[in-house]
Structure formats: C-alpha cells, structure tokens
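Engineer: show me how the following folds:
(one chain, ligands or ions: 1)
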Amino acid sequence: MKNLTITVKTLFGLEQVLKQEIEELGYKNVKELNRAVQLEGDWKTVYDLNLNLRCAISVLVELDSFRITEEKDIYKRAKRIDWTSLFTMDNTFAVKGAVNSTLFNHSQFPFLLVKDAIADVFREKEGERPDVDLRDPDVMIDLYVREKQVTLSLNTSGVPLFQRGYRTGTGEAPLNEVVAAGLLKLSGWDRKSTLIDPFCGSGTLVIEAALMAANIPANIKREYYAFQGLKTFDEKAWKEIYAKANKNAVDLGFTIYGSDLDGEVIVKARRNAGVLPIVANVDFSVANFKDVKRPTPKGMLITNPPYGERMGENIDRMYEELGDWFKQELKGYECWVISSSEDGFKNLGLRPDRRLKLYNGSLPCSFRKYSIYDGSKRAKFNNEEYKPKPRKGKPAPAPKKRKEETDNKEQVVTNNLMDKIRKIRGEGASKYGKREDD
Ligand SMILES: C[S@@+](CC[C@H](N)C(=O)[O-])C[C@H]1O[C@@H](n2cnc3c(N)ncnc32)[C@H](O)[C@@H]1O
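Structural biologist: Numbering: from 1, shown residues only. Sure thing, here's the model as predicted:
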C-alpha cells in the first residue's frame, strides 16, 4: 500500500539525477523539488531508497503537513501525533531541519516546540519522556518551515547517506561521496568506458564509479539506518531488500584509473577500495598528472583538482599545464573538471561545452565539460583563444557569456527561547520541573 509521502533530500544541482535514479529503481511519479524529490511509497520503498540511492542525503517520511497562523500552532499539531507508536522511551531523539519564516523571531524556537510536544505526548501516555540527544540521536525528526507552511517528517536515514561506511582515510580536501556520485551521473558517463581521475586523492570518484558500474549499492558497507530503530521496522522486508542487492565482485571488462602525486593518499584510496568488491576494476597509482598516459583511445576524465582555496597552492600554472595535457594526451576524451577557481578554468585555455553550477561543501563550484577532439579542425574550436572570422558585412559575433545552468538559495538556523514555550504549553514554570534538555 502506497500510504507514505517520501521526501528524498539531496544537494543543490543534483535533483534531476536523483529523480532519474529513483525512476531507474522502478518508481513512478517522482516530483522534483528544491534540493529534494518526492514520491509516494511504503516502508519497503523507504528501505530500498536508503540502500540503493547514490545521490541522496536522507530519506524522510512525512508525518504531517499543515499551515499555521501563529507559533503555537506547531506545538498543537505536533501534539496530535502519536509519537509513542513510532519510537520508545529507550530511544533518544532530536528535532532538526530548516526554518525560513517571518512568523518566528528565533529560528530555533519551532524545534523546541516540536521537542516539547513529543515529550508531552510521551509523558501523558507513558508517564515518562525519552531523552534528547542532539549529537547522536536514535530518532531524528525533521521540521521544515517555509513561511506558514510546516512539514514534520521522520528522518529514516539518520546520519547522512554520504556516510557510506567504506571511507576510512582521506586527504586534505576529499569530495563528499554524494557529490562524487552526482558528478558521475551529471557527466552522462556510460558506466562501460574507461574513466580516469588524475587528482584522485582518497579515491572517492573512482570508488563511486566502480560501485555504480558494478551495480553495487554505494551504501553496501553502511551498518545502520535510523529506520532500523523505529517501532515500524519490518526486519523481514529489510532483509529481503538487502538480499536482492548485488554485493559480489563482477568483471567490468574495463578499468577505472585513479592517480595522485601524493603517495600517502593513494595508500588510503587503495584501503578504501579494498573493503569493497571492486578492487579488480580499479587501478590506483602515484603520478603527477602530466606523466599520466591515455590508457585507451577513448574514454572520460572526471576530476577534482586543487582549487587553491583550501590547500593554498598557486594553481595558475597547474591549470595551464592541465589544459595542455588535455590537448596533447587526451585526444578523443571528454574531460569534466569541478573547481571553484574561475581563474583556474581560464588558465585551462579551453572552451567548455557545458557548465553546471554545484557546491562542494559550502564552496560554489562549476563543473565543466571539455570535449578534446582528435584532429586539427575540431582542436581549433577547443581553443579559448579561437575567434570566428567576421563574415562579409557582419561584425564578428561577440563570444557568448554562458550562465551556469542552475541557481541557489541558502537558509540558516540559529538560537533558543524557553519561556515562550512554557506559555504556549499553558504552564508558568514547567509542571514537570526543569527539563533535562532545557
Ligand atoms: C581536491 S584533492 C582531490 C580529492 C579527491 N577527489 C578525494 O575525494 O579525496 C586534489 C588532489 O590533487 C593532488 N595533486 C596536486 N597536484 C597534483 C599533480 N600535479 N598531479 C597529481 N595530483 C596532484 C593532491 O595530492 C590532492 O590529493
């Protein structure tokens, strides 16, 4: 029975590829939202999505969605939910999410209202209340407030789904695993051709690519999801879904290559890949990108070079050399580069076919595609300095300034007020005395 409204959260710019992933799993009527997608389903769907999605941050199950006219409406509606049917006294919980509403002076206040409603429901039904644990809760309630519209959900994933369980070591600026999977999807890589990452660091792109090509869930090594701690947990259904997932090594018939100048980070990359059934399909080596030879005549490069921001290097020359290396060594390749450095992109000296706006953590980045054509004519078009000749009687067209293909919005949550809560709950001081988490 499809009785659940499921919202799958993702990162800015990955909504469309997440929708595609869900459709590839066989689900229909997937709606694209801002940094999320939504569909109807049941608990099996929830387990399936948690295990199999590569571009998801968390899977939420809606508990209630309503409009409010004043602050205390949140407490009233949250108090109508029978929280005791979802988890027990022994579970710790936390209310997190995002508030973007002029109804609240303190953006933390709505979270406290829900927390108190949950505690009061437990007290009234069971005489005791579960503890709050903001750091590592068993049960995470998600509250989303946008002006007067409020949505309360259960976060069925718990810690974000980019915590895959395979990455034990990283270099200085590792890619988030969800971003890495998103880059692979956005690039349109066919999962059956040579892929190279010459700045592979701890191997995130290489490992995510190998898992994707072998059709092994990215979360195959993850040990726990929050849905396993809920009263609704159907262990049999979960075991069935887990059993269906491909966990075995397969011979892809091609190799995914990762290399990096730093030998220590390559040791970590090998160790990270080593816990997964993909080792036969990946090849890590220590190399300066300039010395890397094209392994096959055709293929794709996807890479995350230093941006000069976090690691503090002078990168101008490096991007220049990278562009030269593309032109000389990678004829016949599609090269995708993610970077936050506009100067870096300019120094590549190549004209991108596509530009996508994304974030790497909080850094606004661009993900650009360069097709390196084999042959002198097309190579000319690759060159940033190439200017078309004016046609007779017409001025040369001005080079087009291309906008990134997506946009962004940010929201922030802060602060805390307790007296107001007591008023809304109709108490002078708390009738239960001071709360543990006050
Ligand atoms: C932003 S990090 C890549 C992180 C990687 N995507 C991950 O998830 O761990 C950039 C990497 O480029 C490497 N690097 C810097 N200069 C290099 C060069 N000339 N050739 C190859 N690798 C280089 C650094 O050692 C670093 O690991």
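Engineer: excluding its backbone neighbours, what's nearest the spatially most central residue of the chain?
Structural biologist: Centrality entry for the chain: nearest residue to the mean C-alpha point is Val178, 3.7 Å, by CA atoms, centre = their mean. Nearest residue to Val178 in three dimensions, chain neighbours excluded: Phe162, at 4.3 Å (CB to CB, 6 or more residues apart in numbering). C-beta here means a position set from N, CA and C on the backbone, and glycine is covered the same way.
Engineer: for that neighbour, give me the pLDDT.
Structural biologist: In this model, Phe162 is scored at 97, pLDDT.
Engineer: was I right to think it contacts Asn176?
Structural biologist: Yes - using CB atoms under 8 Å, Phe162 is in contact with Asn176, at 5.2 Å.
Engineer: which one of these two has more residues nearby?
Structural biologist: Using other CB atoms under 10 Å as the criterion, Phe162 and Asn176 rank with Phe162 on top: 22 against 17.
Engineer: contacts only, for the residue nearest to the centre of the chain.
Structural biologist: Thr10, Leu11, Leu14, Arg54, Cys55, Ala56, Ile57, Pro160, Leu161, Phe162 (CB atoms under 8 Å, 6 or more residues apart in numbering).
Engineer: what strand or helix carries it?
Structural biologist: helix 177-187 (DSSP states H and E).
Engineer: could you pull out the buried residues of that helix?
Structural biologist: Within helix 177-187, the residues scored as buried using 16 or more other CB atoms under 10 Å are Glu177, Val178, Val179, Ala180, Ala181, Gly182, Leu183, Leu184, Lys185, Leu186, Ser187.
Engineer: and stretch 17-36, by the same measure?
Structural biologist: Val17, Leu18, Lys19, Glu21, Ile22, Tyr27, Val30, Arg35, Ala36.
Engineer: and which of these is nearest Asn281?
Structural biologist: Glu21 (20.8 Å; CB to CB).
Engineer: wasn't the closest one part of a helix?
Structural biologist: Yes - using DSSP: H, G, I helix; E, B strand; the rest coil, the secondary structure at Glu21 is a helix.
Engineer: surely it touches Leu49?
Structural biologist: No - contact between Glu21 and Leu49 fails when scored by CB under 8 Å: they sit 9.1 Å apart.
Engineer: spell out which residues are contacts of both of these two.
Structural biologist: By CB under 8 Å, 6+ apart, the residues touching both Glu21 and Leu49 are Ala56.
Engineer: which element follows the longest helix along the chain toward the C-terminus?
Structural biologist: Assignment by DSSP state H gives helix 109-126 as the longest helix of the chain. Downstream of helix 109-126, the first helix or strand assigned by DSSP H and E is strand 139-146.
Engineer: now that next one, how far from the centre of its chain.
Structural biologist: Here strand 139-146 is found 18 Å from its chain centre; the criterion is CA atoms, centre = their mean, to the nearest Å.
Engineer: what is the next helix or strand after that strand packed up against?
Structural biologist: Remark: after strand 139-146, the chain's next helix or strand is strand 149-155, criterion DSSP H and E. Helices and strands touching strand 149-155, by 3 or more CB pairs under 8 Å, 6 or more residues apart in numbering; DSSP states H and E, are strand 58-67, helix 72-80, strand 139-146.
Engineer: and among these, the most buried is which?
Structural biologist: strand 139-146 (a mean of 22; mean count of other CB atoms under 10 Å).
Engineer: pLDDT of it, averaged?
Structural biologist: Summarised as a single mean, pLDDT over strand 139-146 is 96.
Engineer: reformat the buried residues of helix 177-187 as CSV; add pLDDT and distance to the ligand.
Structural biologist: Shown next, in CSV, are the buried residues of helix 177-187 (pLDDT from 0 to 100; distance: CB to the nearest ligand atom, whole Å):
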residue, pLDDT, distance to the ligand
Glu177, 97, 8
Val178, 98, 12
Val179, 98, 9
Ala180, 98, 7
Ala181, 98, 12
Gly182, 98, 13
Leu183, 98, 10
Leu184, 98, 12
Lys185, 98, 16
Leu186, 98, 15
Ser187, 98, 14
